[in-house]
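[1] Build me a model from this:
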Amino acid sequence: MISSEFGIVTLLILLLALILYSNHLSFGFIKRFYSIFPVMFVCYTLPALFSYFGVVDASESNIDDYVKAHFIPCSLFLLVMSTDFVTLRTVGGKILLMFFIGAIGVCIGGPISLWIGSILFPDQLLWEGRNATWRGMATLMANWLGGTANQLIVKEIHNVGDAAFAVMVTINVIFSGIWMAILLFIAKNQPIIDRFINADLKNAPIFIEDIKPSLDRRKRFLGLSLLILSLLFIFLFCHSFSEYISMILIDNFPILLQFNLGSTFFWSMFISTLLGLLLSMSYARHVFVKQVRFLSFFLLYFMIMNIGLNIEFTSFQSILYYFTVGLIWFFVHIIILFLFTLYFRLPIFYFAIASQCNIGGAASAPVVASAFNPNFASVAVLMAVLGYTWASFLASIIGHFMQYIHP
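    Sure, this is the predicted structure:
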């Protein structure tokens, strides 16, 4: 049995390298496997199986504390930094409006579905403790508004138990996979659906490409310096600086504790997001683009694998009830978005892209967008990445108010 921190970290890195390598293979079975089970799901369940069968014992490990203090802020910083706000301003206003409406649907749907769940399943859903339903739903909201990084952040802000988190990860994978398949079917029948909903085909977003300016040596050096210095600051000092801010707020404004604003992790998230936003408007965003993106997702997947070591399989006994609540939530998002699609007489691809940019995120949004038109892919990526900037804050705030919903 592997129980030392060095052994666990080594095993997780080797497993992650194997997963990422196999994900890029073109063999029929492997390609089909990853089309059904996303990389994030594999990264979560594989370590869970190792732990369940006694190969790994992480009960005495302190890796989780190190990951929360250093890896999550770095990953969020790199993801936010990749947002191209300059190019987003040139996108058609209606496609952005539909994206925001989709996000509002997610925000509204969470409390509504939890309220309905409190009526239908008052005894089956958990209402107290770290695995309370509202805590798990707050993490799922963060994922649907942004991505996995935001889900991990809200998990720490609201101190969500691993059982509730595991259920929400499973629900997200199931819903995202099914919904993506439905949207791809809609793409194949787009003309028929557009005629059925009486869409005005004159509406179309502006086709854009991410601006990638050629940098001379001086600009490239400046961008690289900003990137390295900011990343080093976040990795080495962000946690300590956030602890200092948290102590000041606790001593002087104790009322903020009820909103989790005294949390060290919240301020780490805030600082990482702020620095990411600032550097997204600098030359740093155009330096080592592929390498930066790979590093951000590598850190993200490593964090997912570390959480998977502590999964509790008994948490899936009541998953049917959580699945029902999630389905109600999903339908609220779809209904709101579809009603506005009808109101504005927009082609169905507005509905599909806006929804997938929220629910699916940056990885799958361009796939759905390309099914409608390859020129939509760049728009979809930019909008999906935009969600990383606000998802953690919105989900944290709404999650705080959802705790007051109970039977």
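[2] mind listing the helices for the stretch 201-350 of the chain?
    Shown for the stretch 201-350 of the chain, the helices assigned by DSSP state H, counting those that start in this stretch span residues 217-236, 238-252, 264-280, 289-308, 319-343, 348-359.
[3] could these go into CSV alongside mean pLDDT?
    Output for the helices of the stretch 201-350 of the chain, formatted as CSV (pLDDT from 0 to 100):
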stretch, mean pLDDT
helix 217-236, 82
helix 238-252, 81
helix 264-280, 81
helix 289-308, 80
helix 319-343, 92
helix 348-359, 89
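[4] most neighbours per residue, which of these?
    Compared across these, helix 348-359 shows the largest average neighbour count, a mean of 27 (mean count of other C-beta atoms under 10 Å). For glycine as for every other residue, the C-beta is placed from the backbone atoms N, C-alpha and C.
[5] quick one: which of the helices of the stretch 201-350 of the chain is nearest Tyr388?
    Nearest to Tyr388, of all the helices of the stretch 201-350 of the chain, is helix 264-280, at 8.2 Å by C-beta to C-beta.
[6] re the thing from before, including distance to Leu145, could the helices of the stretch 201-350 of the chain go into CSV?
    Compiled in CSV, the helices of the stretch 201-350 of the chain are given as follows (distance: least, C-beta to C-beta, whole Å):
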stretch, distance to Leu145
helix 217-236, 22
helix 238-252, 22
helix 264-280, 13
helix 289-308, 16
helix 319-343, 11
helix 348-359, 6
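[7] Nearest to Asn131, out of those?
    Each of the helices of the stretch 201-350 of the chain has some distance to Asn131 by C-beta to C-beta; the shortest is helix 319-343, at 10.8 Å.
[8] need the contact list for the most centrally placed residue in the chain.
    Geometric centre of the chain, nearest residue: Gly147, 1.1 Å, by C-alpha atoms, centre = their mean. By C-beta atoms under 8 Å, 6 or more residues apart in numbering, Gly147 lies in contact with 79, 361-362, 384, 387-388, 391.
[9] could you redo the last one with a cut-off of 6 Å?
    Contacts for Gly147 (C-beta atoms under 6 Å, 6 or more residues apart in numbering) come out as 361, 388.
[10] Any chance of the backbone angles for it?
    Here is the backbone geometry of Gly147 (degrees, to the nearest 10): phi -170, psi -170.
[11] And it, how close does it get to Phe253?
    Look at Gly147 and Phe253: by C-beta to C-beta, to the nearest Å, they are 31 Å apart.
[12] From one end of stretch 340-355 to the other, what's the distance?
    Stretch 340-355 has its terminal residues 12 Å apart, counting by C-alpha to C-alpha, to the nearest Å.
[13] how far out from the middle of the chain is it?
    Its chain's C-alpha centre and that of stretch 340-355 lie 23 Å apart, by C-alpha atoms, centre = their mean, to the nearest Å.
[14] In this protein, what helix or strand scores lowest on average pLDDT?
    Scoring the helices and strands of the chain by mean pLDDT, DSSP states H and E places helix 85-88 at the bottom, with a mean of 65.
[15] re the thing from before, quick one: which of the helices of the stretch 201-350 of the chain is nearest Ile72?
    Going by C-beta to C-beta, the one of those nearest Ile72 is helix 289-308, 6.3 Å.
[16] what's next to that closest one, contact-wise?
    12, 16, 40, 43-44, 47-48, 63, 67, 71, 74-75, 78-79, 148-149, 152.
[17] between that helix and helix 217-236, what angle do the directions make?
    Orientation check (axes from the mean of the first three to the mean of the last three C-alpha atoms, to 10 degrees): helix 289-308 against helix 217-236 gives 10 degrees.
[18] shift numbering so it begins at 9
    Right, with 9 as the first residue, what we last looked at is helix 297-316.
[19] In the stretch 59-208 of the chain, where is pLDDT below threshold?
    Scanning the stretch 59-208 of the chain for pLDDT under 70 picks out 91-100.
[20] Could you give the number of residues near the closest residue to Met277 other than its chain neighbours?
    Distances taken as C-beta to C-beta, 6 or more residues apart in numbering place Ile161 nearest to Met277, at 5.1 Å, with adjacent residues excluded. Applying other C-beta atoms under 10 Å, we find 30 other residues in the vicinity of Ile161.
[21] just to revisit the earlier point, please name whichever of the helices of the stretch 209-358 of the chain is nearest to Ile120.
    It is, among those and with distance given as C-beta to C-beta, helix 327-351, at 5.6 Å.
[22] what's the offset of that closest one from the middle of its chain?
    Computed by C-alpha atoms, centre = their mean, the separation of helix 327-351 from the middle of its chain amounts to 18 Å.
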